[in-house]
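>>> coordinates only, sequence not included:
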């Protein structure tokens, strides 16, 4: 049985990049855009999805 994961890259207006891995891309991007989780992306306002790729593991 394989598991599906997404590798993604987000950025902000200052071109600071963030990379992440998730099994639910829609939910995770929503969390970043709405600053629901404390941390790097909330602190630096990283909300623009610029790349994603499906990885089957």
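Perfect, I can see it now. Quantities reported herein were computed from a predicted structural model and do not represent experimental measurements.

>>> could you measure from residue 50 over to residue 8?
In this view, residue 50 and residue 8 are 9 Å apart by CB to CB, to the nearest Å. In short, each C-beta sits where N, CA and C put it, glycine included.

>>> with neighbour numbers in mind, choose between the two.
Neighbour tally, residue 50 and residue 8, criterion other CB atoms under 10 Å: the higher count belongs to residue 8, 19 against 11.

>>> dump the residue contacts of the nearest residue to that one once chain neighbours are set aside.
Nearest residue to residue 8, sequence neighbours excluded (CB to CB, 6 or more residues apart in numbering): residue 52, at 4.3 Å. By CB atoms under 8 Å, 6 or more residues apart in numbering, the contact list for residue 52 reads 6, 7, 8, 9, 25.

>>> what's the mean pLDDT across whichever strand or helix holds residue 52?
Using DSSP states H and E, the element containing residue 52 is strand 48-56. In this model, strand 48-56 carries a mean pLDDT of 95.

>>> check contacts around residue 25.
By CB under 8 Å, 6+ apart, the neighbours of residue 25 are 6, 8, 52.

>>> list the buried residues of the longest helix that the chain contains.
Counting by DSSP state H, the longest helix found in the chain is helix 25-33. For helix 25-33, burial by neighbour count (16 or more other CB atoms under 10 Å) applies to 25, 28, 29, 32.

>>> orientation of that helix relative to strand 48-56 in degrees?
Per axes from the mean of the first three to the mean of the last three CA atoms, to 10 degrees, the angle that helix 25-33 makes with strand 48-56 is 150 degrees.

>>> just the contacts of residue 25 now: which is nearest residue 44?
Taking CB to CB as the measure, residue 44 lies nearest residue 8 of those, at 15.9 Å.

>>> surely that closest one meets residue 29?
Yes. Using CB atoms under 8 Å, residue 8 is in contact with residue 29, at 7.4 Å.

>>> list the residues that contact both of those two?
residue 49.

>>> who touches stretch 6-21?
5, 22-25, 28-29, 32, 40-41, 44-55.

>>> do that again at 6 Å, thanks
Contact partners of stretch 6-21, identified using CB atoms under 6 Å, 6 or more residues apart in numbering, comprise 5, 22, 25, 32, 41, 44-46, 48-55.
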